[in-house]
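**Student:** sequence isn't available, so here's the structure alone:
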């Protein structure tokens, strides 16, 4: 697949361009998701099912801190895409320098805080009973690598904003493969248990960091920053924060969701239910990789063309992304409805987990064919710099619908109330997002350029 420059985002045919952007993004997400999936399979088979639950307890904490990097990356990359579209390289460079400084300052601070309160944080996120000790071992080691991961997540979005999706794909592939190799040696050969799984994960973050640094120092990147670009500029920080808050809010809500889910399920079904949720959660990360790839590919194309005031191309990008994403989501839905038992057996042979998980998986993915509207709708507002609508639509599914549902329905329906909350929240949030997306297209993108604000 031939490489493209940032200017190609405004000239190549949308269908071809979206494929060029989305395929590498999808492959990168696939490899990263496979890494998480196989890592969980290794842990479940070589350490035990309780270890799966332990990792599930740690993930929301570590991912939230790493999401600081992702939020800074996506917020800043929206600005960079539009700056490149407007041929404003000095602004793009200053934004990138500010992204790097913000990412390091915030994530290192959060890691120090997370390690200081380690014994308090783990139980809050469901690390109770037999889950606590392995969760603590995993948590402490993985947190050391989180600043490296945060820089990687920030840098990856910038690479994509430059129109270099293949390199963004490589940035996810190399550490994922490395993690699996390290898993094999640290867990299976050296018998380090949870510590081995944790060191393999941290090692993979460092590998990714090395690749990201290499890319921006190489000839492949257009963004060559110096020390002057690292100094924080309040107007840029404010703009990055307003757009990045969308991603950060999304991850914050995800972390809160894990908090509630792990505790509610532990009270209703103990370690077995928490383990089932961990398996289903891994499939949520893995199975939807092509849909997330379309969404990642959509962002720089929409942002660049909006910055270049090519609104017909923005509309075409929206419709093309929706078509591709909906088709792929339907294929995922069919596979998960047909093979949930076989999927569960990959993770564990625990009879209780095997009995519970397939039915729960079907409920969780029941509304998958329609989620493209949620993802593309929220991504559009983020890509064009409209932070408030992007934030509200991002929070709609989990914040406005899912969390209230899991707090209410289990009181009347027991554990099944937790699982049916997933498709109900998907349907409601799709309706809301679709309304605002198509209204925006009708009112804004159909106007002459001089009238669009």
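**Tutor:** Arrived safely. Because the structure is a prediction, the values reported are computed rather than measured. Residues are numbered from 1 along each chain as shown.

**Student:** how far does stretch 184-191 stretch from one end to the other?
**Tutor:** 9 Å (CA to CA, to the nearest Å).

**Student:** contact partners of it?
**Tutor:** Residues outside stretch 184-191 that contact it (CB atoms under 8 Å, 6 or more residues apart in numbering): 42, 43, 46, 47, 192, 193, 195, 196, 197, 199, 200. In short, each C-beta sits where N, CA and C put it, glycine included.

**Student:** doesn't residue 96 make contact with residue 79?
**Tutor:** No. Contact criterion CB atoms under 8 Å: residue 79 and residue 96 do not qualify, at 9.4 Å.

**Student:** any regions of this structure where pLDDT drops low?
**Tutor:** 1-6, 28, 32, 35, 246, 447-453 (pLDDT under 70).

**Student:** follow-up on the earlier one: looking at residue 79 and residue 96, which is more packed in?
**Tutor:** Per other CB atoms under 10 Å, whichever of residue 79 and residue 96 has more neighbours is residue 96, with 29 against 26.

**Student:** OK, contacts around the nearest residue in space to residue 312 that is not next to it in sequence?
**Tutor:** Spatial nearest neighbour of residue 312, chain neighbours left out: residue 445 (8.0 Å); criterion: CB to CB, 6 or more residues apart in numbering. Counting by CB under 8 Å, 6+ apart, residue 445 makes contact with 311, 312, 314, 315, 452.

**Student:** need phi/psi at residue 445.
**Tutor:** Torsion angles at residue 445 (phi, psi; degrees, to the nearest 10) stand at phi -80, psi -10.

**Student:** that one and residue 314, how far apart?
**Tutor:** From residue 445 across to residue 314, the span is 6 Å (CB to CB, to the nearest Å).

**Student:** before we move on, the earlier item: of the contacts of residue 445, closest to residue 20?
**Tutor:** Relative to residue 20, the closest of those is residue 314; by CB to CB it sits at 17.3 Å.

**Student:** in terms of secondary structure, what does the host helix or strand of the closest one contact?
**Tutor:** Using DSSP states H and E, residue 314 sits in helix 311-338. In this structure, helix 311-338 makes packing contacts with helix 14-46, helix 234-287, helix 289-307, helix 351-364, helix 371-383, helix 415-443, judged by 3 or more CB pairs under 8 Å, 6 or more residues apart in numbering; DSSP states H and E.

**Student:** how far does whichever helix or strand comes after it sit from the chain's center?
**Tutor:** On the C-terminal side of helix 311-338, the nearest following helix or strand under DSSP H and E is helix 340-347. The chain centroid and the centroid of helix 340-347 are separated by 23 Å, computed with CA atoms, centre = their mean, to the nearest Å.

**Student:** what's next to helix 340-347, contact-wise?
**Tutor:** By CB under 8 Å, 6+ apart, helix 340-347 touches 40-41, 44-45, 52, 279, 282-283, 336, 353-354, 357-359, 361-362.

**Student:** repeat for stretch 235-249
**Tutor:** With CB under 8 Å, 6+ apart, stretch 235-249 has contacts from 67-68, 70-76, 78-79, 94-95, 98-99, 102, 378, 382, 385, 387, 390-391, 394-395, 399.

**Student:** among the residues you listed, which are located in helices?
**Tutor:** By the criterion of DSSP state H, membership of the contacts of stretch 235-249 in helices covers 67-68, 70-76, 78-79, 94-95, 98-99, 102, 378, 382, 387, 390-391, 394-395.

**Student:** need the buried ones from the contacts of residue 445 selected in ChimeraX.
**Tutor:** A single ChimeraX command selects the buried members of those (16 or more other CB atoms under 10 Å):
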select :311,314,315
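
**Student:** circling back: out of the contacts of helix 340-347, which are buried?
**Tutor:** 40-41, 44-45, 52, 279, 282-283, 336, 353, 357-358, 361-362.

**Student:** make a markdown table out of those and add distance to residue 320.
**Tutor:** Formatted as a markdown table, these follow (distance: CB to CB, whole Å):
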| residue | distance to residue 320 |
| --- | --- |
| 40 | 34 |
| 41 | 35 |
| 44 | 39 |
| 45 | 41 |
| 52 | 38 |
| 279 | 34 |
| 282 | 30 |
| 283 | 27 |
| 336 | 25 |
| 353 | 40 |
| 357 | 36 |
| 358 | 35 |
| 361 | 30 |
| 362 | 30 |
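
**Student:** now, among those residues, which is nearest to residue 368?
**Tutor:** Distances from residue 368 to those, taken by CB to CB, are shortest for residue 336, at 7.3 Å.

**Student:** returning to that earlier point: which one of the contacts of residue 445 sits closest to residue 435?
**Tutor:** Closest to residue 435, out of all of the contacts of residue 445 and judged by CB to CB, is residue 315, at 16.8 Å.

**Student:** so what's the closest one up against?
**Tutor:** By CB under 8 Å, 6+ apart, the neighbours of residue 315 are 441, 445.

**Student:** what about residue 225, which SS state?
**Tutor:** Assigned by DSSP: H, G, I helix; E, B strand; the rest coil, the conformation of residue 225 is coil.

**Student:** hmm, residue 96 and it touching each other?
**Tutor:** Yes. Using CB under 8 Å, residue 225 is in contact with residue 96, at 5.7 Å.

**Student:** near the residue nearest to residue 75 when sequence neighbours are not counted, how many other residues are there?
**Tutor:** Excluding the flanking residues, the one nearest residue 75 by CB to CB, 6+ apart is residue 244, at 2.7 Å. Using other CB under 10 Å, the number of residues around residue 244 comes to 30.
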